[in-house]
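In: Dropping the sequence and predicted coords here.
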Amino acid sequence: MEKIIDEKTQGNTLTLEAREGNSRKLYIESYGCAMNFSDSEIVASILADQGFNTTNSLEEADLVLVNTCSIRDKAEQTVRKRLEKYNAVKRINPKMKVGVLGCMAERLKEKFLEEEKIVDLVVGPDAYKDIPNLLKEVEEGRDAVNVILSKEETYGDISPVRLGGNGITAFVSITRGCDNMCTFCVVPFTRGRERSRDPQSILREVNDLAEKGYKEITLLGQNVDSYLWYGGGLKKDFKNASEMQKATATDFAVLLDMVATAHPKMRIRFSTSNPQDMHEEVLHIVAKHDNICNHIHLPVQSGSTRILKKMNRQHTREEYMKLIDRIWEIIPGCSISQDMIIGFPTETEEDHKETMSLMEYVKYDFGYMYKYSERPGTMAARKLEDDVPEEIKSRRLTEIVDLQQKHSAIRTAEFLGKIVTVLIEKESKKNKDEWSGRTEHNNVAVFPKENYKAGDFVKVKVTDCTTATLIGKAVGFSGNN
Ligand code: SAM
């Protein structure tokens, strides 16, 4: 097992309500991070204006798009297999066009388009508004490609349709790209430099979601704590901004405060936080608002200062531990989750033990754990040999996953006997007489349906639990409804 919590949505086909008058059919499949799923909603919005309704039947599609991820080699291989499948269907339906979107676009454009001829269209993460033009090229029999990365594009002016969602929870993207240059990571190359979205357009999107009855939003970015709006442009150019721009700039703490104040009944989450950019002010804002969830996803990647330095993570093990202490001082009981990379180049048994001891210190609520996967073009690929043997990576991963499972069980059991607030998201998969939802600490909770309905905030008394799920009984509505 690579991950303790599987993103069950990987590869989901996303569909939305048909728009009247639209006659063409779009099949869109998404892989990778939440940003990719959010981007697919932007693409579907752009294509709805071009006469496309979504479908979940590959065979009847006029256009098949796959939104790709290249964070690890495995993710790339999965997408390649899907492209083979689409091409098999294309042999039966030659009118069907196939396009690749997202993070694999830049790296594999020549290969897919020219060498292997398995796609008609390649579009990078900043070029989605060009899709209508690119489709015309394709219709005229030419291959179409746009993988140009932008300094400005945030899609702030596009009101995304919500694909395959539950009408209750939604992602709202606030930044694009990343400037952190972690040596293992391909994101700065595939998604470009970091830029933030106009706070007013973020608020407009949240207002719109609230009007449509949504109850929870997650503010999204590769590194949300680094959010900075000063009138547009790249984060790295902020130093050249005017005095006025600097004085009126909006950072993440201000944005979070603004959204939480404007929508006191909307539950708010955010992801991902990066330890080097997380400021205490954000923690005070989380503590100040009841509607901001007490959960922070705070990837550390390794517990060894030596490895963190090689990863260019800009903080030591001790600084990370101090940050954890501050989180708990300011937000008592805040749940914390991690991302961890196992077997980064030069990782020794000693480094691995430091990762385990850091995990013992934090006892994360949950986590995502991955074997290091060398990514072409990254600093680590250029400068460091991928020298931890596969069997050692596997053994260390198992140890880390087992430890995380132990900690998840401890953290989940802490809620036994307590009353938690659950936002009902859907029917429980295991029992159609039960609801499933999440607590503000991000635990999944299940309980008998009674007369409650999806979208209700319900107080639930926890009577039992598994390692990752709370089991209980509703004791009434929460004041949040
Ligand atoms: N921006 C966040 C951060 O680094 O703090 C996370 C972004 S990344 C899309 C999600 C996770 O993928 C990372 O936290 C890391 O654990 C994992 N990851 C990134 N590059 C990787 C690589 N080359 N090999 C294995 N895992 C990787």
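Out: Okay, I see it.
In: Identify the bridge partners of the nearest residue to Tyr214 once chain neighbours are set aside.
Out: Excluding the flanking residues, the one nearest Tyr214 by CB to CB, 6 or more residues apart in numbering is Ala170, at 5.2 Å. In this view, the C-beta of every residue, glycine as well, is placed from N, C-alpha and C. When assigned by DSSP bridges, Ala170 has beta-bridge partners Ile217.
In: Next up, the contacts around Ala170.
Out: Counting by CB atoms under 8 Å, 6 or more residues apart in numbering, Ala170 touches 162, 209, 214, 216-218.
In: does whatever residue of the stretch 201-350 of the chain ends up closest to the ligand count as helix, strand or coil?
Out: Relative to the ligand, the nearest point of the stretch 201-350 of the chain is Asp339 (3.3 Å; CB to the nearest ligand atom). Classification of Asp339 using DSSP: H, G, I helix; E, B strand; the rest coil returns strand.
In: how close does it get to Asp39?
Out: Distance of Asp339 to Asp39, computed by CB to CB, to the nearest Å: 20 Å.
In: same check, this time on Leu255
Out: The gap separating Leu255 from Asp39 is 20 Å, by CB to CB.
In: show me where the chain has helices.
Out: Assigned helices in the chain, in chain order: 34-48, 73-92, 105-110, 131-139, 187-191, 199-211, 243-247, 252-262, 280-288, 305-310, 317-330, 349-362, 379-383, 390-413 (criterion: DSSP state H).
In: helices or strands next to the longest one in the packing?
Out: Packing partners of helix 390-413 (3 or more CB pairs under 8 Å, 6 or more residues apart in numbering; DSSP states H and E): strand 335-342, helix 349-362, strand 366-371.
In: Which residues outside it are in contact with it?
Out: Against helix 390-413 from outside (CB under 8 Å, 6+ apart): 1-4, 335, 338, 340, 342-343, 347, 352, 355-356, 359-360, 363-367, 369-372, 443, 465-470.
In: isn't Ser201 right up against Asp157?
Out: Yes: using CB atoms under 8 Å, Ser201 is in contact with Asp157, at 6.8 Å.
In: so how many other residues sit close to the residue of the stretch 201-350 of the chain closest to the ligand?
Out: 15 (other CB atoms under 10 Å).
In: Contacts only, for it.
Out: Counting by CB under 8 Å, 6+ apart, Asp339 touches 272, 297, 299-301, 367-370.
In: So it versus Asn67, what's the distance?
Out: To Asn67, Asp339 is 21 Å away according to CB to CB.
In: for Lys429, same thing?
Out: Per CB to CB, Lys429 is found 25 Å from Asn67.
In: more crowded one of the two?
Out: A direct count of neighbours by other CB under 10 Å for Lys429 and Asn67 places Asn67 higher, at 28 against 10.
In: Look up how far Phe270 lies from the more buried one.
Out: Using CB to CB, we find Asn67 at a distance of 22 Å from Phe270.
In: The spatially closest residue to Asp49 that is not a sequence neighbour: neighbouring residues, count only.
Out: Using CB to CB, 6+ apart and skipping the chain neighbours, the partner closest in space to Asp49 is Pro132 (7.9 Å). Applying other CB under 10 Å, we find 13 residues neighbouring Pro132.
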